[in-house]
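>>> Next input, structure requested:
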Amino acid sequence: MKGIILTNAYYCPPDVMYQPERLQEEFSARGVRADIRRNDFFPFRLKKGELQSLLGDYGFCIYLDKDKYVLQSIEKCGMRVYNSYRAIAACDDKMTTCLALSGLGIPMPDTLPGLLCYSPAEKVRKESLVQVSETLGFPLVVKEAYGSLGKGVYLAHDMAELSAIAEKIKCVPHLFQKFIASSYGKDLRVIVVGDRVAGGMLRESAEGFRSNLGAGGSGRSYPVSDRIAALSLKIAKNLGLDYCGIDFLFGEGEEMLVCEVNSNAFFKGFEQATGVNVAGMFAEHVLSDLEKIKG
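Presented below is the predicted three-dimensional model:
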């Protein structure tokens, strides 16, 4: 058996390549070849109304990208992909994630969607921002719906800052969230692989309210309670995820709120902080799942 690990067509710095290289190493240790390729060779064609796959005899695909067109096409050609199109699409858009998890008893910060703006010439209406501020209070968080590594996340302390941010990103899908002051500059990253919780990592910022390691934060191993473990598995199952990183905010008392779910969570920092072999767990999950499919 052999598989393919697809990465982004453009963004492949050493820290990003750690992930596919570790997975390749763990698959190889289990006697399975896993080729790493950038997603820039057009792995499918739409010709005369039919999809044609160029992935040859690969038996599975680890998809470390968020290019949904390619992902959906690979799936439609019949290949088993980790994670699936449905799962990555649900996590890629932060507002879609909130909606997918709503009604399931999963605690999240109060949230309002950003309003769709078609033209840069239009102005954000003050009345709309007043409703946002009255609903969520100041300070409040503004997030671009698509973004990673803490980019596209803003903290508005007053109406002037909220107006400036809203005007800046009005033509970009975004959302507004209640600021959880008790979690300023820190959060808990939980990694889930299949039906197992790999562990937890406390992420803390060097400065500012964003705790992402990619934004300069640090991480250390942190215990995951039975309650948070069960909640993490519930989230992964409902979003159809084989692998993910779930970020929890520290609320008042012992309350933990789901901040984001990342379908392509980097695990270099997590492996270093916790000593957990995430790549090995991922490889084992994939091979076990393929055995079940084979029957």
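
>>> and the gap between the most far-flung residue of the chain relative to its centre and Ile36?
Centroid-distance maximum for the chain: Lys48 at 35.0 Å, with CA atoms, centre = their mean. Distance of Lys48 to Ile36, computed by CB to CB, to the nearest Å: 31 Å. To be clear about C-beta, it is placed using only N, CA and C from the backbone, and glycine gets the same treatment.

>>> cool, and Gly105?
Looking at Gly105 against Ile36, where the rule is CB to CB, the gap reads 39 Å.

>>> who's more crowded, those two?
When Gly105 is set against Ile36 and neighbours are counted by other CB atoms under 10 Å, the residue ahead is Ile36, at 17 against 8.

>>> That one reaches Pro20, doesn't it?
Yes - look at Ile36 against Pro20 with CB atoms under 8 Å: they come within range, at 4.6 Å.

>>> where do the contact lists of these two overlap?
Jointly contacting Ile36 and Pro20 under the rule CB atoms under 8 Å, 6 or more residues apart in numbering are Ile5, Thr7.

>>> can I get the CA coordinates of stretch 22-30 in PDB?
This file holds the C-alpha atoms of stretch 22-30, laid out as PDB (Å, rounded to 0.1, in the frame of the first residue of the first chain):
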ATOM      1  CA  ARG A  22       7.000  13.300  10.400                       C
ATOM      2  CA  LEU A  23       3.900  11.500   9.000                       C
ATOM      3  CA  GLN A  24       6.100  10.100   6.200                       C
ATOM      4  CA  GLU A  25       8.500   8.800   8.800                       C
ATOM      5  CA  GLU A  26       5.800   7.100  10.800                       C
ATOM      6  CA  PHE A  27       4.200   5.500   7.800                       C
ATOM      7  CA  SER A  28       7.500   4.200   6.700                       C
ATOM      8  CA  ALA A  29       8.100   2.700  10.200                       C
ATOM      9  CA  ARG A  30       4.900   0.700   9.600                       C
END
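
>>> Other residues contacting it?
The list of residues contacting stretch 22-30 from outside it, by CB under 8 Å, 6+ apart, reads 3, 5, 33-36, 62, 267-268, 271, 277-280, 282-284, 286-287.

>>> Just these: which are in strands?
Secondary structure of these is defined by DSSP state E; positions in strands are Gly3, Ile5, Arg33, Ala34, Asp35, Ile36, Ile62.
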